[in-house]
Structures are given as C-alpha cells and as structure tokens.
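[1] the sequence and its predicted three-dimensional model are supplied below.
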Amino acid sequence: MWQGLQSITDYKKKASPVADHDVLLPDKLNNFFARFEDNTVPPTRPATKTCGLTFTAANVRKTFKCVNPRKAAGPDGIPGRVLRACADQLAGVFTDIFNQSLSQSAVPTCFKRATIVPVPKKAKVTELNDYRPVALTSVIMKCFERLVKDHITSILPDTLDPLQFAYRPNRSTDDAIAITLHTALTHLDKRNTYVRMLFIDYSSAFNTIVPSKLVIKLEILGLDPALCNWVLDFLTGRSQVVRVGNNISTPLILNTGAPQGCVLSPLLYSLFTHDCVAKHASNSIIKFADDTTVVGLITNNDETAYREEVRALGVWCQENNLSLNVSKTKEMIVDFRKQEREHPPIHIEGTVVEKVESFKFLGVHITDKLNWSTHTDSVVKKAQQRLFNLRR
C-alpha cells in the first residue's frame, strides 16, 4: 500500500541520475573516496590468545532468518532472500566459518570486498564531493558483523561518554535534542548569561578512522585483545570498486576508514570518538554518531573556557585524523539579554565560522530564540505538499 501511495503522490523525489556515460567517472570517484589513504603498510599487532568469543548455530540461524529478503546482494552475488530461505541448511556451515575467523583474528578476503554505489547528496551534482559513497558488502558478512556488534555492545563499560546518544540502548535523537535545549535553557535562567552552540561538520568522518588508533581505544574499553585484532583485520586490506551504471572502476586496497553501509561502522565510529569530551565544566560536547555540537555556557561575557574548548577540539581532531569541514560548521548564539551586544566570531583553522539564526539539528529546526516557529513552518509546508499531491 505504501509503495502505491508513493507512486501516486510522487512522495519520493527522484535523485538526479549519476552520469553513467562517463567511463572514467568510476575511477575518479574511487580515487576521491580513497583520498584519506596514507599509503602506509597496514599495521600488525602481536599475536594474542585465541579469541574466546564463539557463536552457536542457533545464533547464526536466528540472524539469517532476520535478514531483509530484499537486501541487495554484495560482491559475492548472494541475496538476502537466499540466506533467509535457507537459514536452517546454511547456519551450521557459516557458524564454523565465523568461529574460525574469530579464533584466527582474521576476516576472509571475500568478506571484505565492497562495491561502492555513489549516491547524489543533492539534486544537481557539480563535483565529486556531491556524491555519498554507500558500500554494498556481503550480506553474509553483515550477519557476522551484527553478531559481533551485539557482543561488543553487551560488554561496553558504564564509563562511556553519557553525551553520545547514538547506538546506545534506550537513547535517540530526541534525547540529544532535549539535553541540548535543557542545558541551554537552565543556564539562560541565570543573570547575565548567554549560550553559544557550535554545530560541527566533519569531512567524510567514517572514512578517516585510523584502525590502529581505534583498536588501542577498544582495548582501553576492555575488549578482548584477540577481538581487537579481528577488528583491525576487518578494517584493513579491504578491496573496493565503484560501480556507475555498467562501468566498474579498478579495485583499490584500503587500510583506513570504516565503510558506510557496514553494520559495525557506526558503532566503531562512536567508540573511536568516545574520548572526545568537554575539558571545562561550563561546556558540553553532545554527540549523535558524527553529529557533534559544542554547547558553551557563558557567564559575565567570559568566553575563555568556550574558546579553549573549540581549540582543544581542533587539536583532538588532528590527533585522531578527523578533518573539520569549516565551511559547513555553523554557530548559533542564544542571548536573551535586553541590551544587544556584539559577539566576536569563532575561528577554526584561520577561517571565521558562520553565525546563523536557525539550524536543523538532528532533524529539528531550532532558532536563536529557542522557539519552534521555524520547525512548525517546515512541518506544515511538508504537510501541505503531501495534501496537494493527494488531491491531484
């Protein structure tokens, strides 16, 4: 029924087609998506005891039976419907393969292949950066990743940053928005105060993860060293091609980043950034995956702690190979004081950060008045468009 309504109302905007007539485009895109590679030899780690993590055939069977039958096949050509339909027959075979992989801290090469499908970020594409790389990987490997992800999530310590709201049980974007607004409004009730909010944008955050640095952080969080070695092998030596129409690029081997489209990537990114926390009590760094917001609570016009926080965040990004996209990073100042004052701008890497009166934060438009007018206008406009389409 929903597909029929989408067809009748043209609910889904059709993205502009990728220029599949350009036979050189796949190689251009592949090199562009791999631009964060440093061409160094993949890191090796000392051998450890065999990983104690194992899965049962029942675990694997249950995971196979939960596969979306319409899930696109990866480079191995095995679609989701096959795993789901043949879960009982295949569970035992792949249980042995998964457990062997864990015991040897090595992921089969065929499971690490990825076909990248470039998806336009906007209607009119003018440059390579207007494409988002979405990785089609083996559905079997996605099931394997899901089992590993559930295990990692179950053993994470309580000391994780409480202001990371992604991939945590009983947390959502609503919680991140509520905490941000509550923090600001509580502070604004005090005399001579205002709030500066810096909405950080990273350039290809997932693609810049350094596996060797990630596994060190995972060990600090208490993960089995053998499982950390498995994660390191999973993220290195990955073969990647880009497919545009019927044209396929030359393969590249990647040793940096976590592919967008892999089940483990979002969790690994959140763990990679778990130590990105505020240095000063008057500031908060609120995160939802790679959406990061610095909230500075200013009293008596003293912005020292806030500006030091922004500088410290820049240093942390350099140390962790993350690249700040200053042109897309925005700042909003909430100042309810009667007398208007000039607020000196924030500079990042020598560039002035643009000030805005409204920002779409985790899907919700918030304004420097902290009211809902812009958001309600947006919702009403969308509703009117849908009603108009239904009347046609």
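    Thanks, I have the structure now.

[2] what segments of the stretch 1-150 of the chain are strands?
    Applying DSSP state E, counting those that start in this stretch to the stretch 1-150 of the chain gives strands spanning 114-120, 131-137.

[3] so the first one versus strand 131-137, what angle?
    Direction vectors for strand 114-120 and strand 131-137, defined by axes from the mean of the first three to the mean of the last three CA atoms, to 10 degrees, enclose an angle of 150 degrees.

[4] select, out of the strands of the stretch 1-150 of the chain, the one closest to Cys86.
    The minimum distance between Cys86 and those falls on strand 131-137, with 19.7 Å, by CB to CB. Where C-beta positions appear, they are placed from N, C-alpha and C, glycine not excepted.

[5] and the closest one, which residues are buried?
    Tyr131, Pro133, Ala135, Leu136, Thr137 (16 or more other CB atoms under 10 Å).

[6] stretch 343-360 now?
    Residues of stretch 343-360 classed as buried under the neighbour-count rule (16+ other CB under 10 Å) are Ile346, Ile348, Val353, Ser358, Phe359.

[7] chain center to it: distance?
    Going by CA atoms, centre = their mean, to the nearest Å, the spacing between the C-alpha centre of stretch 343-360 and its chain's C-alpha centre is 23 Å.

[8] rewinding a little: need the strands of the stretch 1-150 of the chain in JSON lines with distance to Ile253, can you?
    Written out in JSON lines, the entries for the strands of the stretch 1-150 of the chain read as follows (distance: least, CB to CB, whole Å):
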{"stretch": "strand 114-120", "distance to Ile253": "11"}
{"stretch": "strand 131-137", "distance to Ile253": "15"}
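
[9] any chance of those in JSON lines, with distance to Ser327 and mean pLDDT too?
    Compiled in JSON lines, those are given as follows (distance: least, CB to CB, whole Å; pLDDT from 0 to 100):
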{"stretch": "strand 114-120", "distance to Ser327": "19", "mean pLDDT": "91"}
{"stretch": "strand 131-137", "distance to Ser327": "17", "mean pLDDT": "88"}
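
[10] thinking again about what came up before, what is the nearest of the buried residues of strand 131-137 to Ile177?
    The closest of the buried residues of strand 131-137, once distances to Ile177 are taken by CB to CB, is Pro133, at 28.1 Å.

[11] list the contacts of that closest one.
    Taking CB atoms under 8 Å, 6 or more residues apart in numbering as the definition of contact, the neighbours of Pro133 are Leu29, Phe33, Ile116, Val117, Pro118, Val119, Asn207, Val242, Pro259, Gln260.

[12] now do Thr183
    Residues in contact with Thr183 (CB under 8 Å, 6+ apart) are Ser284, Val295, Leu297.

[13] go on, Leu322?
    Under the criterion of CB under 8 Å, 6+ apart, the contact partners of Leu322 comprise Tyr202, Ala205, Thr208, Thr273, Trp316.

[14] apply 7 Å and report the result again.
    Taking CB atoms under 7 Å, 6 or more residues apart in numbering, we find Leu322 in contact with Tyr202, Ala205, Thr208.

[15] between these, which is closest to Leu156?
    For Leu156, the nearest member of the contacts of Leu322 is Ala205. The distance, counting by CB to CB, is 20.3 Å.

[16] count the neighbours of that closest one for me.
    With neighbours defined by other CB atoms under 10 Å, the count for Ala205 comes to 22.

[17] quick check: closest non-adjacent residue to it.
    Counting by CB to CB, 6 or more residues apart in numbering, Asp290 is the residue found nearest to Ala205 once chain neighbours are left out, at 4.0 Å.

[18] close enough to count as contact, that neighbour and Asn207?
    No. Counting by CB atoms under 7 Å, Asp290 stays clear of Asn207, with 10.8 Å between them.

[19] hmm, back to that, mind putting the contacts of Pro133 into JSON lines with distance to Val148 and neighbour count?
    Putting the contacts of Pro133 into JSON lines (distance: CB to CB, whole Å; neighbours: other CB atoms under 10 Å) gives the following:
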{"residue": "Leu29", "distance to Val148": "29", "neighbour count": "21"}
{"residue": "Phe33", "distance to Val148": "25", "neighbour count": "26"}
{"residue": "Ile116", "distance to Val148": "22", "neighbour count": "27"}
{"residue": "Val117", "distance to Val148": "24", "neighbour count": "17"}
{"residue": "Pro118", "distance to Val148": "28", "neighbour count": "22"}
{"residue": "Val119", "distance to Val148": "26", "neighbour count": "13"}
{"residue": "Asn207", "distance to Val148": "21", "neighbour count": "21"}
{"residue": "Val242", "distance to Val148": "27", "neighbour count": "27"}
{"residue": "Pro259", "distance to Val148": "15", "neighbour count": "22"}
{"residue": "Gln260", "distance to Val148": "18", "neighbour count": "20"}
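
[20] as JSON lines, the residues you listed with distance to Asp158 would be great.
    Written out in JSON lines, the entries for the contacts of Pro133 read as follows (distance: CB to CB, whole Å):
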{"residue": "Leu29", "distance to Asp158": "42"}
{"residue": "Phe33", "distance to Asp158": "37"}
{"residue": "Ile116", "distance to Asp158": "37"}
{"residue": "Val117", "distance to Asp158": "39"}
{"residue": "Pro118", "distance to Asp158": "40"}
{"residue": "Val119", "distance to Asp158": "37"}
{"residue": "Asn207", "distance to Asp158": "30"}
{"residue": "Val242", "distance to Asp158": "41"}
{"residue": "Pro259", "distance to Asp158": "30"}
{"residue": "Gln260", "distance to Asp158": "29"}
